[in-house]
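[1] this one's sequence-less:
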Ligand SMILES: [Zn+2]
């Protein structure tokens, strides 16, 4: 018995894990962009959610703090 009860909204398979795929997030009418990740159903690859890449965000924040401290 799985303790994970969540189901994919498309294929309705129970989701115990997700695929993570890097994607680019772009701001309309701007050259600004961010690294993001999409979370996908492992059975049918439907995108369940997209968010800012937490690893890239952590690294860019650490780089910004380091540059402010040294400058
Ligand atoms: Zn699915």
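    That came through fine. Values in this document were obtained by computation on a predicted structure and should not be read as measured data. Numbering: from 1, shown residues only.
[2] Run through the residues that contact the most centrally placed residue in the chain.
    Residue closest to the mean C-alpha point of the chain, counted by C-alpha atoms, centre = their mean, is residue 37 at 2.6 Å. Residues near residue 37 by C-beta atoms under 8 Å, 6 or more residues apart in numbering: 20, 21, 22, 23, 50, 51, 52, 53, 54. Yep, even glycine has a C-beta here, placed from its N, CA and C like the rest.
[3] Tell me which entries of those residues lie within helices.
    residue 54 (DSSP state H).
[4] just to revisit the earlier point, could you say which helix or strand holds the residue nearest to the centre of the chain?
    Counting by DSSP states H and E, the element that carries residue 37 is strand 33-40.
[5] and that strand, how far from the chain's centre?
    In this view, strand 33-40 has its centroid 4 Å away from the chain centroid, taken as C-alpha atoms, centre = their mean, to the nearest Å.
[6] Partner strands of that strand and their direction?
    Each strand that pairs with strand 33-40, with its direction, by DSSP bridges: strand 19-26 (antiparallel), strand 47-52 (antiparallel).
[7] pLDDT wise, what is the residue nearest to the centre of the chain at?
    According to the predicted model, the pLDDT of residue 37 comes to 97.
[8] does it have beta-bridge partners, and which?
    In this entry, residue 37 is beta-bridged to residue 22, residue 51, by DSSP bridges.
[9] ok, so what distance separates it from the ion?
    If you measure residue 37 against the ion using C-beta to the ion, to the nearest Å, the figure is 18 Å.
[10] same deal with residue 43?
    Remark: distance between residue 43 and the ion (C-beta to the ion) = 4 Å.
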